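Undergrad: Quick check, what structure comes out for this input:
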Amino acid sequence: MLIETERFGIFELKDKKTLRFPNGIPGFEELRSFILLETEENKPLLWLQSIENKHIALPVVIPFELIGDYYVDVRENELSDLNLEAPDDLLILCVVVIPEDVKKMTANLASPIVINAKRGIGKQLVIDAATLPLRFPIYDIIMQKLIGEGKANAGAVTQGR
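TA: Model (predicted):
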């Protein structure tokens with residue numbers, strides 16, 4: 001199956017697992033099918049690309065890769081519809097906002113996207129924003145990570161793509 005995207009062009013879906021969001025994602029409730037894309041030039045950013053709308057690609061990060069002490073207190077009933085078999089099947093992502101001034105890039109830690117990576121079922125949770133920030137600055141963290149990995153060019157981060 002060929003997928004057309006605005007940001008990444010056309011590619012074949014053969015090696016990508018479709019992620020289903022039975023209730024959509026807040027703001028995009030009508031969209032139910034996505035894929036997770038990773039490009040070398042945009043690391044550590046990933047893209048949650050809609051299969052149904054080529055214009056919708058949400059930048060996301062795996063919060064644990066950037067914030068070592070990130071912790072989400074999720075009640076078991078909030079994950080019951082994901083049909084998890086093991087805790088390791090759970091993938092947690094946070095949506096990133098990349099404004100015109102890329103140095104003001106933030107991640108929404110209070111509303112993680114949780115995905116059963118084994119079954120490809122996901123949803124976005126709304127956690128108590130009093131304990132986790134909606135706009136957590138991540139630019140400096142990403143730059144430190146990239147420099148630590150010996151990457152002088154931070155790709156999308158330095159170029160504001």
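
Undergrad: CA atoms for contacts and neighbours, from now on please.
TA: OK.

Undergrad: Now do the longest helix seen in the chain: distance to the chain's middle.
TA: Under DSSP state H, the helix in the chain containing the largest number of residues is helix 139-148. Once both centres are worked out by CA atoms, centre = their mean, to the nearest Å, helix 139-148 turns out to sit 18 Å from its chain's centre.

Undergrad: what's the answer for stretch 6-15, then?
TA: Put simply, stretch 6-15 sits 17 Å off its chain's centre (CA atoms, centre = their mean).

Undergrad: Kindly report the same for stretch 73-88.
TA: Mean-position distance between stretch 73-88 and its chain equals 18 Å (CA atoms, centre = their mean).

Undergrad: Pull out the buried residues from it.
TA: Going by neighbour count (16 or more other CA atoms under 10 Å), the buried part of stretch 73-88 is 79, 82, 84.

Undergrad: where along this protein do the strands fall?
TA: Assigned by DSSP state E, the chain shows strands spanning 2-5, 9-12, 19-20, 33-38, 46-50, 57-61, 90-97, 106-107, 113-116, 121-124, 136-137.

Undergrad: Please name every helix or strand in contact with the last one.
TA: Counting contacts by 3 or more CA pairs under 8 Å, 6 or more residues apart in numbering; DSSP states H and E, the secondary-structure elements packed against strand 136-137 are strand 106-107.
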